[in-house]
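In: Test case, fold it:
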Amino acid sequence: MNAENLIRRLDDFGRALPAAVSVVTADEARWKPPSGAWSILEIVCHLGDEETDDFRTRLKLTLESPNSVWPPIDPEGWARERGYLDRELGPAVQSFVNERRRSVDWLRSLKHPDWARAHVHPKFGPISAGSLLASWAAHDALHLRQIAKRLYELARLDAGEHKIDYAGEWRA
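Out: Numbers count the residues shown, from 1 in each chain. Presented below is the predicted three-dimensional model:
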């Protein structure tokens, strides 16, 4: 495993996310596709909650106390309960960026972490600290793809009666 590269990817995403969403208005950030999938604002809020309540917390527990019970997570429930759509995009992005900085600083401060140390998850079985770190970076990429899809869908919406076929087909 190349932990250094994974941590760099986490750090890089802290700069990529603000750039990716800087192109949308407040209304566009709240727009939800007919499928009911999350809006860009909901995705950003989710990333912030995952940063603090999922990945960083669970990785820390796995490295320090792998037999500890992980706190429960409920991403879909959080979106409703925490009022993601009532928030503003700018502060949500800044909160994520601040928390990501804390995460990266913590990861870089670790001295010889045991990436093989594992927590036994009741659904997934053993999950190593290395798998959590790699999943964290992959989670960012999945949501960046989701944001790109919202931008594509917004372009299609704005096109009105005009087609966007010339752009190419969305495949994800």
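In: any weak-confidence spans in this structure?
Out: Applying pLDDT under 70 to the chain flags residues 172.
In: Which residue ranges of it form strands?
Out: Counting by DSSP state E, the chain has strands at residues 118-121, 125-128.
In: Neighbouring strands - and their directions - for the last one?
Out: Just to be clear, that refers to strand 125-128. When pairing is defined by DSSP bridges, strand 125-128 lines up against strand 118-121 (antiparallel).
In: Quick check: buried residues in the strand it pairs with?
Out: For strand 118-121, the neighbour count (16 or more other CB atoms under 10 Å) marks 118-119 as buried. Glycine gets a C-beta too; all of them are placed from N, C-alpha and C.
In: how about the CA coordinates for that strand, as CSV?
Out: Extracted as CSV, the C-alpha positions of strand 118-121 are listed here (Å, rounded to 0.1, in the frame of the first residue of the first chain):
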residue,chain,number,x,y,z
ALA,A,118,-8.2,-4.4,11.6
HIS,A,119,-11.6,-3.8,13.1
VAL,A,120,-14.2,-6.6,12.7
HIS,A,121,-17.3,-5.0,11.2
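In: center of this protein, which residue is that?
Out: Leu47 (3.6 Å; CA atoms, centre = their mean).
In: how near is it to His112?
Out: Distance from Leu47 to His112, counting by CB to CB, to the nearest Å: 29 Å.
In: quick one: contacts of stretch 82-100?
Out: The contact list for stretch 82-100 (CB atoms under 8 Å, 6 or more residues apart in numbering) reads 10-11, 13-14, 17-18, 21, 24, 26, 29-30, 39-42, 44-49, 51-52, 56, 78-79.
In: out of the residues you listed, which are buried?
Out: 10-11, 13-14, 17-18, 21, 24, 29-30, 39-42, 44-49, 51, 56, 78-79.
In: Out of those, name the ones that lie in helices.
Out: Those of the buried ones among the contacts of stretch 82-100 mapping onto helices are 10-11, 13-14, 17-18, 21, 29-30, 40-42, 44-49, 56, 78-79, per DSSP state H.
In: pretty sure Leu144 contacts Arg15?
Out: No - contact between Leu144 and Arg15 fails when scored by CB atoms under 8 Å: they sit 12.0 Å apart.
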